[in-house]
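Peer 1: Next comes the sequence, and after it the predicted model I'd like to discuss.
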Amino acid sequence: MAYDVNAIRKHFPALEEGAAHFDGPGGSQVPDVVGEAVATTLCSAIANRGTVTPAERRADGIVRDARQAVADLLGANPAGVVFGRSMTQVTYDFSRALAKTWQPGDEVVVTKLDHDANIRPWVQAAQARGVTVRWAEFDPQTGELPVEAVTELLTDKTRLVAVTAASNLLGTRPDVPAITANAREAGALSYVDGVHLTPHAPVDLAELGADFYACSAYKFLGPHLGLLAAAPELLETLRPDKLVPSSDTVPERFELGTLPYELLAGTTAAIDFLANLVPGEGTRRERLGKSLEALEQHERELLDRLDAGLAGLGKVVRYGAPGRRRTPTVLFSVDGAEPKAVYEHLARHHVNAPAASFYALECSRHLGLGDAGAVRAGIAPYTTAAEVDRLVSAVAEL
């Protein structure tokens, strides 16, 4: 069955306000079923997880269901799924846990393509332990991060490579399998930021070769929640700081305090919604694969349309290289107009495409955009061709 964007849009109450949302890279709009799952859980009898009362069993079931849903989304083991407040918080927690195993003289590799959430936690943890930070640079002309930019930094002292699966600023998709394979050969672990990839393409942790894969539910139509997937055996080797009476089992030892059951229920609902973007049969994992492949094709067509539309406007500068393998994300500026002015002009036309560095600070600086960044337009599952044309027409007025 073909991808039916109009049928999908009917499930997003926020779209009734009339704005064209190109702000999905910062947080997607939410389908009705996710809101209903959150509300139903909040209004149900809930207690701390257990097996005695119905309220305890309900909470336990919600957590187990969410772990399995995430595992189906990422091709992971549900026993290795960790939940947290945000990807940033989860990454800080893991940077501190992993740093306990580092010694002065060890090295970590970060890239200038990454969101700061996959840079600063590692830089700060390294500084605290006397560990050297080595920086991989991308090509500012193409936006590409060559594999060798990372691999040439690897030594027998490298303990961790932190790399993005897709740049939240440019959409660039590095060759993560090649990078993680080289890291493993060097004896290093890999920590992959999947926040910007997960909403746009099928993900398979085994294929990516990531030791740790972190992402955010609110980027793939869910509530505000961060998560990480890793092999349970690897998680068993880490000893995070935790409260004495809290569980020491994996993955619970990494989850500080009581989990937000309503947000976990919403995350499961979001993943089920993604699995049914294109109705079909099979396991949830199989349906997710088919639906996300159809979504990727839909978004690619709209990205080509947006690239072509902006290319036809004389004073628009686009960053990165259109046509390369990337998520449906366009970073651009307009000659003679400050990014904020373009953002505000588009907003007056009910087109939501904000301007900033979007926490990809090193990336923005490496592009020569400083801390101000540029305008970012991201395509989402509910974006239409008419909305793309609306964005291009609004930019043309400038």
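Peer 2: Nice, I can see it. Numbering: from 1, shown residues only.
Peer 1: pLDDT below threshold where in this structure?
Peer 2: 1 (pLDDT under 70).
Peer 1: which residue is nearest the middle of it?
Peer 2: residue 195 (0.8 Å; C-alpha atoms, centre = their mean).
Peer 1: Kindly confirm my reading that that residue is in a strand.
Peer 2: No: using DSSP: H, G, I helix; E, B strand; the rest coil, the assignment for residue 195 is coil, not a strand.
Peer 1: which residue sits closest to residue 42, ignoring its sequence neighbours?
Peer 2: residue 262 (4.8 Å; C-beta to C-beta, 6 or more residues apart in numbering). Backbone N, C-alpha and C define where each C-beta goes, glycine included.
Peer 1: Under a three-state scheme, what state does the one you found occupy?
Peer 2: With three-state DSSP as the basis, residue 262 sits in helix.
Peer 1: Check which residues of the longest helix seen in the chain are buried.
Peer 2: Counting residues, the longest helix found in the chain (DSSP state H) is helix 284-311. Residues of helix 284-311 classed as buried: 284, 287-292, 294-296, 298-300, 302-303, 306-307, 309-310 (neighbour count, 16 or more other C-beta atoms under 10 Å).
Peer 1: now swap in stretch 91-110 and tell me
Peer 2: Neighbour count says stretch 91-110 has 91-99, 102, 106-110 buried, by 16+ other C-beta under 10 Å.
Peer 1: chain center to stretch 123-141: distance?
Peer 2: On the basis of C-alpha atoms, centre = their mean, to the nearest Å, stretch 123-141 sits 21 Å off its chain's mean C-alpha point.
Peer 1: swap that for stretch 391-398, please
Peer 2: The answer for stretch 391-398 is 28 Å, by C-alpha atoms, centre = their mean.
Peer 1: can you give me the strands in the stretch 251-398 of the chain?
Peer 2: Under the criterion DSSP state E, counting those that start in this stretch, strands of the stretch 251-398 of the chain are mapped to 316-319, 329-334, 351-352, 355-356, 374-378.
Peer 1: Tell me which of those strands is the most buried.
Peer 2: strand 374-378 (a mean of 27; mean count of other C-beta atoms under 10 Å).
Peer 1: Can you check what angle separates it from helix 284-311?
Peer 2: 140 degrees (axes from the mean of the first three to the mean of the last three C-alpha atoms, to 10 degrees).
Peer 1: and strand 374-378, what does it pack onto?
Peer 2: Under the contact definition 3 or more C-beta pairs under 8 Å, 6 or more residues apart in numbering; DSSP states H and E, strand 374-378 sits against strand 329-334, helix 339-348, strand 355-356.
Peer 1: so how far is that strand off the chain centroid?
Peer 2: With C-alpha atoms, centre = their mean, you get 16 Å for strand 374-378.
Peer 1: Kindly report the same for stretch 4-21.
Peer 2: That offset, for stretch 4-21, works out to 22 Å (C-alpha atoms, centre = their mean).
Peer 1: what's next to the helix or strand harbouring residue 191, contact-wise?
Peer 2: Residue 191 belongs to strand 189-193 when assigned by DSSP states H and E. With contacts defined as C-beta atoms under 8 Å, 6 or more residues apart in numbering, strand 189-193 is touched by 87, 91, 94, 98, 114-115, 117-118, 122, 159-165, 176, 179-180, 183-184, 208-215, 234.
Peer 1: Can you say which of those residues are buried?
Peer 2: The buried subset of the contacts of strand 189-193 - by 16+ other C-beta under 10 Å - is 87, 91, 94, 98, 114-115, 117-118, 122, 159-165, 176, 179-180, 183, 208-215.
Peer 1: was I right about residue 293 contacting residue 202?
Peer 2: Yes: Residue 293 sits in contact with residue 202 when judged by C-beta atoms under 8 Å, with a separation of 6.2 Å.
Peer 1: any shared contact partners between the two?
Peer 2: Common neighbours of residue 293 and residue 202 (C-beta under 8 Å, 6+ apart) do not exist.
Peer 1: and the spatially closest residue to residue 297 that is not a sequence neighbour, how many neighbours?
Peer 2: Excluding its sequence neighbours, the residue lying closest to residue 297 (C-beta to C-beta, 6+ apart) is residue 3, at 7.0 Å. Residue 3 has 18 neighbouring residues, counting by other C-beta atoms under 10 Å.
Peer 1: swap in residue 367?
Peer 2: For residue 367, using other C-beta under 10 Å, the count is 22.
Peer 1: For residue 113, list the residues it contacts.
Peer 2: Each residue near residue 113 by C-beta under 8 Å, 6+ apart is listed here: 136, 138, 143, 145, 163-164, 167, 170, 172, 174, 360, 362-363.
Peer 1: Give me the phi and psi for it.
Peer 2: Backbone geometry at residue 113, expressed as degrees, to the nearest 10, gives phi -80, psi -20.
Peer 1: State the distance from it to residue 377.
Peer 2: 19 Å (C-beta to C-beta, to the nearest Å).
Peer 1: Show the contacting residues for the closest residue to residue 154 other than its chain neighbours.
Peer 2: Nearest residue to residue 154 in three dimensions, chain neighbours excluded: residue 186, at 4.2 Å (C-beta to C-beta, 6+ apart). Residues counted as contacts of residue 186 (C-beta under 8 Å, 6+ apart) are 154-156, 158.
Peer 1: Out of the helices and strands packed on strand 374-378, flag the one nearest residue 385.
Peer 2: Shortest separation from residue 385 across the helices and strands packed on strand 374-378 is recorded for strand 329-334, at 15.0 Å, computed as C-beta to C-beta.
Peer 1: can you list contacts of that closest one?
Peer 2: With C-beta under 8 Å, 6+ apart, strand 329-334 has contacts from 25, 166-171, 196, 303, 306-307, 310, 315-320, 322, 339, 342, 369, 373-379, 395, 398.
Peer 1: downstream neighbour of the strand holding residue 191 in the secondary structure list?
Peer 2: helix 205-208.
Peer 1: downstream neighbour of that following helix in the secondary structure list?
Peer 2: Next along the chain from helix 205-208, counting by DSSP H and E, comes strand 212-216.
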